[in-house]
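Engineer: With the input below, show me the fold.
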Amino acid sequence: MEDDGRGLNLALLGAAAGGKTESTQGETELLRRVFEPGVSTSATVTSLSGRGIGLDIVKSNVEKLRGAVDVSQVPTGGAAFTLTLPLTLATLRVLEVIAGGHVFTIDAASVERVIRVNRQDIALLEGRHSVSTSTGPIPVLDLSFWLRLQPNRGDPRRTVPAVVVASSSGPTAVLVDEIAGEQELLLRSLGPRLANVRRYSGGMVLPDGRIALLLNVAALAEAAAKPQPRDDIAGRSAKAARRKVLVVDDSKYVRTLVKLILEGAGYEVTMASDGTEALEQLRECGADVVVADVDMPSMDGFELTRAIRQSDHLTRTPVVLVTGRESVEDKVKGLRAGANAYLRKDQFDAHHFLETMRQVV
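Structural biologist: Modelled structure (predicted):
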């Protein structure tokens with residue numbers, strides 16, 4: 001979609017995006033900042049425009065459909081917006097990759113090629129990690145470190161596989177532990193409660209019953225374009241204390257996502273699908289902390305919390321409730337039942353969640 005108007009004013013856009021101008025940023029990179037929330041070149045704000053949220057909404061919704069959006073200046077005058085969307089939304093051909101012991105999927109339509117990378121060939125280029133390829137240097141991102149997982153690659157001197165994905169900003173090399181294969185799978189939404197978790201575009205059930213999260217290629221490319229500490233690529237050895245966490249939720253997708261976050265922070269994780277199963281596991285194996293949903297069959301999170309507090313052996317076990325219930329009454333009910341913390345899924349933030357875990361353990 002394009003028009004024949006004046007196009008975007010790069011000077012105004014640079015000022016609105018933080019004071020940078022086209023002299024300090026490439027024109028293409030600067031133009032893409034119109035999609036950032038709060039960026040607007042309008043001098044006035046009305047009930048319909050000027051707040052810098054319209055194009056941000058476009059970008060977010062296009063990415064939810066596994067698409068991409070880009071903008072450019074038309075040489076003869078005007079601006080052009082390109083929206084790329086998949087032809088099918090139900091099933092998807094994906095490349096399965098393994099990082100940190102977990103299976104993830106990447107839309108095969110976004111995969112340019114698979115290469116092997118020697119970590120000694122990764123260098124800093126303009127503050128970003130890059131790797132030399134047959135087509136020139138491209139940004140590189142280590143998937144395990146980005147997801148805060150512990151990589152499993154054996155000898156660090158050996159080459160590792162990398163998936164080169166295409167995005168609106170160009171190709172990006174994503175380092176993984178292993179390439180597991182390619183197949184067509186049914187894509188499932190993560191639901192409105194996890195709509196703000198931008199790293200993933202959805203979830204898939206593998207033939208063996210495991211859950212594989214679909215990676216957002218746009219988020220991968222943006223992360224690779226940001227400056228990162230050298231040790232993110234060279235390797236990190238620091239681990240959090242191995243505390244045992246029991247995650248209780250009737251949603252496979254939520255359980256898997258929370259498990260990934262916790263394991264990335266160094267916790268040992270077990271899972272249960274409802275309160276009754278969780279209570280049996282606690283009595284048999286125990287746990288250092290319980291992370292539970294509220295709305296579950298058989299025994300909900302409130303009942304589970306009360307049962308833990310009434311048990312002589314489990315009464316001191318910390319409980320963190322992570323739920324979609326938003327009312328103050330429900331929060332008070334959870335805390336009165338004995339929960340140490342009450343977090344809402346619609347406001348879920350991984351950093352805040354891990355900080356809460358650190359405080360209650």
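
Engineer: quick one, helices of the stretch 201-350 of the chain?
Structural biologist: For the stretch 201-350 of the chain, the helices defined by DSSP state H, counting those that start in this stretch occupy 217-225, 231-234, 252-264, 275-285, 301-310, 328-337, 350-360.

Engineer: Of all those, which one is nearest residue 118?
Structural biologist: Closest to residue 118 of the helices of the stretch 201-350 of the chain, according to Cβ to Cβ: helix 231-234, at 11.8 Å. All C-beta atoms are positioned from the backbone trio N, CA, C, and that covers glycine.

Engineer: before we move on, back to that, including mean pLDDT, mean neighbour count and distance to residue 73, could the helices of the stretch 201-350 of the chain go into CSV?
Structural biologist: CSV is the format used below for these (pLDDT from 0 to 100; neighbours: other Cβ atoms under 10 Å; distance: least, Cβ to Cβ, whole Å):
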stretch, mean pLDDT, mean neighbour count, distance to residue 73
helix 217-225, 89, 21, 21
helix 231-234, 46, 14, 35
helix 252-264, 89, 21, 39
helix 275-285, 93, 17, 57
helix 301-310, 94, 21, 53
helix 328-337, 90, 15, 50
helix 350-360, 87, 15, 37
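
Engineer: mind putting those in JSON lines, distance to residue 82 included?
Structural biologist: JSON lines is the format used below for those (distance: least, Cβ to Cβ, whole Å):
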{"stretch": "helix 217-225", "distance to residue 82": "14"}
{"stretch": "helix 231-234", "distance to residue 82": "32"}
{"stretch": "helix 252-264", "distance to residue 82": "31"}
{"stretch": "helix 275-285", "distance to residue 82": "48"}
{"stretch": "helix 301-310", "distance to residue 82": "45"}
{"stretch": "helix 328-337", "distance to residue 82": "44"}
{"stretch": "helix 350-360", "distance to residue 82": "31"}
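
Engineer: Let me know which of these is the nearest to residue 13.
Structural biologist: Each of the helices of the stretch 201-350 of the chain has some distance to residue 13 by Cβ to Cβ; the shortest is helix 217-225, at 18.2 Å.

Engineer: quick one: which helix or strand includes residue 66?
Structural biologist: For residue 66, there is no host helix or strand (DSSP states H and E).

Engineer: Over to residue 62?
Structural biologist: Per DSSP H and E: helix 54-64 holds residue 62.

Engineer: average model confidence for the following helix or strand past that helix?
Structural biologist: Using DSSP H and E, the next helix or strand after helix 54-64 towards the C-terminus is strand 68-73. Here strand 68-73 scores 89 as its mean pLDDT.

Engineer: Buried residues, strand 68-73. List them.
Structural biologist: Residues 68, 69, 70, 71, 72, 73 are the ones in strand 68-73 that count as buried (16 or more other Cβ atoms under 10 Å).

Engineer: What is the nearest of the residues you listed to residue 350?
Structural biologist: For the buried residues of strand 68-73, the nearest to residue 350 is residue 68 (24.1 Å; Cβ to Cβ).

Engineer: Any stretches of the chain with poor pLDDT?
Structural biologist: Along the chain, the model assigns pLDDT under 70 to residues 19-25, 87-89, 126-127, 153-157, 228-241.

Engineer: Show me the domain layout of it.
Structural biologist: What the record gives for the chain is the domain set 10-84, 91-234, 244-360, from automatic domain parsing.

Engineer: Nearest to residue 3, out of the ones you listed?
Structural biologist: The nearest among those, by Cβ to Cβ, is domain 10-84 at 4.5 Å.

Engineer: What is the end-to-end distance of the closest one?
Structural biologist: Start-to-end span of domain 10-84 (Cα to Cα, to the nearest Å) is 24 Å.

Engineer: Pick out the residue nearest the middle of the protein.
Structural biologist: Central residue check for the chain by Cα atoms, centre = their mean: the C-alpha nearest the mean position is that of residue 199, 2.3 Å away.

Engineer: Go ahead and confirm that one touches residue 215.
Structural biologist: Yes. Residue 199 is in contact with residue 215 according to Cβ atoms under 8 Å; the separation is 6.9 Å.

Engineer: quick one: which of the helices of the stretch 201-350 of the chain is nearest residue 85?
Structural biologist: Closest approach to residue 85 among the helices of the stretch 201-350 of the chain (Cβ to Cβ): helix 217-225, 12.9 Å.

Engineer: quick one: that closest one to helix 54-64, angle?
Structural biologist: 110 degrees (axes from the mean of the first three to the mean of the last three Cα atoms, to 10 degrees).

Engineer: Show me how far helix 217-225 is from its chain's centre.
Structural biologist: Put simply, helix 217-225 sits 11 Å off its chain's centre (Cα atoms, centre = their mean, to the nearest Å).

Engineer: From the contact counts, what lies against that helix?
Structural biologist: Helices and strands touching helix 217-225, by 3 or more Cβ pairs under 8 Å, 6 or more residues apart in numbering; DSSP states H and E, are strand 128-133, strand 136-142, helix 143-146, strand 160-167, strand 170-175.

Engineer: Which one of those lies nearest to residue 254?
Structural biologist: Taking Cβ to Cβ, helix 143-146 is the member of those nearest to residue 254, at 20.7 Å.

Engineer: For that closest one, C-alpha coordinates in PDB please.
Structural biologist: In PDB, the C-alpha atoms belonging to helix 143-146 read as follows (Å, rounded to 0.1, in the frame of the first residue of the first chain):
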ATOM      1  CA  LEU A 143      18.700 -19.000  21.200                       C
ATOM      2  CA  SER A 144      19.500 -20.700  24.400                       C
ATOM      3  CA  PHE A 145      21.000 -17.600  26.000                       C
ATOM      4  CA  TRP A 146      18.200 -15.400  24.700                       C
END
